[in-house]
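this is a predicted model, with the sequence first.
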Amino acid sequence: MNRRVTLLPFFRAYRWNLVSNAVLNAFGAVLSLFSFLSVVPFLRILFAGKATEVETEFIPAADDWPGMIGAWFDNFVLEVGTGQALLIVCITVIILAILKNAVSYLAMYSLATIRTGVSRDLRNKTYNRVLGMSMGWFTDSRKGDVLSRLTVDLNEVEISIVGSIEVLFKSPLIVLISIGALFALSWELTIFALIFLPVSGVLISRIAKKLKHSALKGKEELGSLVNILEETLSGVRIIKAFGVERLFLKRFSDRNERHFKAMRKMYRREYLSSPVSEVISISVMAILLGYGGRIVLEGSTGLTGDWFIGYLVIFSQIIPPARAFSDGWFRIHKGVASLDRLEEMLEVANPVPDAPKGSAQMSDLEKGISFNNVSFSYGEMPILSNLSLEINKGEVVALVGASGSGKTTLSNLLIRFDDPSDGHIFIDGRDLRDIPVGSWREKLGVVTQESILFHGSIASNIALGDENIDQERLFRASEIAQVSEFSDKFPQGLDTPVGDSGCKLSGGQRQRVALARALYRDPSILVLDEATSALDAASEHEVQKALDAAMENRTVLVIAHRLSTVSKADKIILLDNGQVSEQGSHEELIAKNGAYAELVRLQSFSR
């Protein structure tokens with residue numbers, strides 16, 4: 001993706017701020033030019049001394065700009081006197097300084113909106129993009145690396161690229177206006193000075209290119225470092241229990257050493273930019289002093305000593321913005337490495353596109369769900385192959401089978417975390433792809449094996465996504481899911497904080513809160529993916545009672561390894577290698593004495 005295409009839409013929203021910033025910077029550059037040139041009349045007064053006071057003849061006009069301005073000023077000094085002229089020059093300098101700094105502040109004032117606004121919009125877009133990623137992307141991505149991109153890389157883009165806007169807008173204007181003034185003073189000397197600019201440009205460009213490569217390597221190493229840290233914090237109980245602290249410390253230290261070397265290399269190249277720019281600047285100034293001084297002494301042009309000093313003052317003021325521009329260019333190349341990493345996320349195509357605009361919203365399920373020759377693969381690995389099954393409205397359908405048989409994949413396709421590679425899923429005869437994703441998921445209630453709770457209260461987790469909690473629905477869902485049994489014992493009831501990831505609740509309590517969350521929206525379809533497999537016998541019994549109550553008058557898809565959980569289902573589907581091996585009620589499949597009956601015997605024997 002072209003980087004300009006990536007950032008241009010963000011800057012377009014602030015185009016008037018950019019225009020006002022450019023206009024103010026141009027006006028500020030002109031005021032700066034007059035401030036620098038104010039040294040010329042000051043020098044003319046000092047060099048002339050009291051001679052101007054006794055001089056009575058009118059000074060003739062010259063035929064070049066410096067000469068004409070000088071003649072006019074000398075005549076002005078003759079009219080008002082040396083002391084009065086010096087006072088006027090000093091007052092003018094003060095006024096110019098006030099105006100210049102006022103304009104500079106207004107330019108920076110408008111820039112603050114651009115800088116913070118672009119960063120905010122880019123952060124919103126990347127976060128929104130993350131929420132739109134498929135489940136396969138989250139499976140393949142390292143959480144620590146994603147966190148690094150969303151925090152460190154975004155911050156680097158703000159500082160290095162967005163933060164350099166002021167330099168990129170202001171510095172070229174100052175340089176261009178100053179060069180125009182230099183040409184007006186002495187075009188021969190200015191052309192001579194400009195010969196050295198391509199040399200400095202080549203040197204700076206070569207260093208900047210190497211800096212970008214080093215910065216990209218440093219960001220990648222930092223992402224790996226954050227990933228190890230995230231794994232350590234998530235799995236610290238296992239690390240301590242297995243006594244592998246030294247192993248993880250070695251992994252972290254090795255990665256930290258690689259990050260250290262990459263960043264050291266980057267900073268060494270970044271710090272090289274300022275000395276190179278300064279050496280080039282001083283060298284050009286020294287050459288100008290020699291060449292320009294010779295022109296003044298020879299008198300071959302209209303350039304006099306005072307104007308030559310003014311020329312040098314202006315040229316010396318070109319150097320800071322030129323150096324700032326080169327430093328900003330280095331920072332941009334450093335930030336481009338971070339932008340590249342963000343682009344990788346922004347460029348990933350969404351494998352689950354929403355339905356076409358204008359598609360009808362999903363109403364309550366009326367007939368049923370049909371999987372028609374559905375196939376799905378993760379990369380080159382086939383998971384489902386030409387699978388077909390029917391789920392009628394109001395049925396409880398259970399999926400059983402060995403790990404890897406495709407049960408969870410089937411539920412992911414129904415929720416539309418992914419789309420089938422081949423085949424179709426029909427909802428009341430309508431292709432699931434033609435139903436808006438948000439509208440479809442509003443009709444679903446999902447309970448997974450891992451009961452994920454968010455920081456907040458029990459009530460806020462049950463009513464997730466509802467800013468104005470419906471108290472009637474909240475209490476009804478809590479009663480059905482048997483959350484009230486334990487929440488009533490807390491002093492704050494449903495307003496009790498659950499802690500980070502629900503750490504203040506037991507496993508069974510968290511699972512009942514997760515079930516209540518699914519029931520709060522009163523879904524017509526329930527998807528229960530191993531909802532009790534991680535619980536102990538007592539907790540499973542309590543949650544199973546809640547599930548039995550929740551499944552009444554709903555279409556339910558149950559995924560379970562424990563056959564006791566699915567024995568009451570209206571239809572049991574046995575999956576094997578991504579295909580339907582057997583289907584029927586519990587009694588029918590036992591009577592067949594096939595693979596399902598064998599599973600039942602194995603589980604009965606294991607107990």
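Ah, there it is.

how many other residues sit next to residue 440?
Neighbour count of residue 440, defined by other C-beta atoms under 10 Å: 18. From N, CA and C alone the C-beta is placed, and that goes for glycine too.

quick one, what contacts it?
362, 416, 427, 432 (C-beta atoms under 8 Å, 6 or more residues apart in numbering).

and which of those residues is nearest residue 589?
Each of these was scored against residue 589 by C-beta to C-beta, and residue 427 proved nearest at 26.9 Å.

ok, the closest one - contacts?
With the criterion set at C-beta under 8 Å, 6+ apart, residue 427 makes contact with 362, 365, 369, 435, 440.

which ones among the residues you listed are found in strands?
Assignment to strands by DSSP state E places the following of the contacts of residue 427 there: residue 369.

looking at the contacts of residue 427, spot the one nearest residue 331.
residue 440 (45.8 Å).

do you have the strands of the stretch 251-400 of the chain handy? List them.
Ranges of strands within the stretch 251-400 of the chain are 368-378, 381-392, 396-401, based on DSSP state E, counting those that start in this stretch.

in a markdown table: those, plus mean pLDDT.
Below are the strands of the stretch 251-400 of the chain laid out as a markdown table (pLDDT from 0 to 100):
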| stretch | mean pLDDT |
| --- | --- |
| strand 368-378 | 89 |
| strand 381-392 | 88 |
| strand 396-401 | 88 |
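
tell me which of those is the most buried.
For the strands of the stretch 251-400 of the chain, average neighbour numbers computed from mean count of other C-beta atoms under 10 Å are highest in strand 396-401, which has a mean of 24.

tilt between that strand and strand 381-392?
Counting by axes from the mean of the first three to the mean of the last three C-alpha atoms, to 10 degrees, strand 396-401 points 160 degrees away from the direction of strand 381-392.

which residues does strand 396-401 contact?
Contact with strand 396-401 is made by 389, 391, 407, 410-411, 551, 555-561, 563, 565-566, 568-576, 581, 596, 599, as judged by C-beta under 8 Å, 6+ apart.

for residue 154, see how far away residue 124 is.
In this structure, residue 124 and residue 154 are separated by 11 Å, where distance is defined by C-beta to C-beta, to the nearest Å.

could you tell me the end-to-end distance of stretch 559-577?
From its first residue to its last, stretch 559-577 covers 16 Å (C-alpha to C-alpha, to the nearest Å).

and the helices in the stretch 251-400 of the chain?
Here the stretch 251-400 of the chain has its helices, by DSSP state H, counting those that start in this stretch, at 305-347.

point out where it drops to low pLDDT.
Per-residue confidence of the stretch 251-400 of the chain (counting by pLDDT under 70) places the weak regions at 273-274, 277, 299-303, 319, 323, 326-327, 330, 333-334, 346-351.

now the strands of the stretch 251-400 of the chain in TSV, with distance to residue 467?
Formatted as TSV, the entries for the strands of the stretch 251-400 of the chain read as follows, by distance: least, C-beta to C-beta, whole Å:
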stretch	distance to residue 467
strand 368-378	31
strand 381-392	33
strand 396-401	33
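
minimum distance to residue 190: which of the ones you listed has it?
strand 368-378 (65.3 Å).

quick one: distance of the closest one to the chain centre.
The gap between the average C-alpha position of strand 368-378 and the chain average comes to 35 Å, counting by C-alpha atoms, centre = their mean, to the nearest Å.

tell me the mean pLDDT over the host helix or strand of residue 128?
Using DSSP states H and E, residue 128 falls within helix 82-131. Helix 82-131 carries an average pLDDT of 83.

from the contact counts, what lies against it?
Counting contacts by 3 or more C-beta pairs under 8 Å, 6 or more residues apart in numbering; DSSP states H and E, helix 82-131 is packed against helix 3-12, helix 15-37, helix 39-48, helix 65-80, helix 154-160, helix 165-185, helix 305-347.

state the mean pLDDT of the shortest one.
To tie it back to what came earlier, the one meant is helix 154-160. The average pLDDT for helix 154-160 rounds to 77.

dump the helices and strands packed on helix 82-131 to JSON lines, plus distance to residue 547.
Conversion of the helices and strands packed on helix 82-131 to JSON lines gives the following (distance: least, C-beta to C-beta, whole Å):
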{"stretch": "helix 3-12", "distance to residue 547": "47"}
{"stretch": "helix 15-37", "distance to residue 547": "56"}
{"stretch": "helix 39-48", "distance to residue 547": "86"}
{"stretch": "helix 65-80", "distance to residue 547": "90"}
{"stretch": "helix 154-160", "distance to residue 547": "42"}
{"stretch": "helix 165-185", "distance to residue 547": "57"}
{"stretch": "helix 305-347", "distance to residue 547": "38"}
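
need those in CSV (columns: distance to residue 401 and mean neighbour count).
Converted to CSV, the helices and strands packed on helix 82-131 look like this (distance: least, C-beta to C-beta, whole Å; neighbours: other C-beta atoms under 10 Å):
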stretch, distance to residue 401, mean neighbour count
helix 3-12, 45, 13
helix 15-37, 58, 18
helix 39-48, 88, 18
helix 65-80, 90, 16
helix 154-160, 43, 20
helix 165-185, 58, 19
helix 305-347, 35, 20
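
tell me which of those approaches residue 483 most closely.
With C-beta to C-beta, the closest approach to residue 483 among these belongs to helix 305-347: 37.2 Å.

ok now the closest one, how far from the chain's centre?
On C-alpha atoms, centre = their mean, the centre of helix 305-347 falls 25 Å from that of its chain.

go on, stretch 134-143?
Centroid separation between stretch 134-143 and its chain, computed with C-alpha atoms, centre = their mean, is 17 Å.

between the two ends of that stretch, what distance do you get?
Separation of the first and last residues of stretch 134-143 by C-alpha to C-alpha is 14 Å.

help me confirm that residue 154 comes into contact with residue 127.
No - in this structure, residue 154 sits apart from residue 127 without contact. The criterion is C-beta atoms under 8 Å, and the distance is 9.5 Å.

what's next to stretch 413-422, contact-wise?
For stretch 413-422, the external contacting residues (C-beta under 8 Å, 6+ apart) are 134-136, 351-352, 369, 371, 373-377, 384, 386, 409, 412, 425, 432-433, 437, 440-441, 444, 446, 527, 557.

since that was my last question, I'll sign off now.
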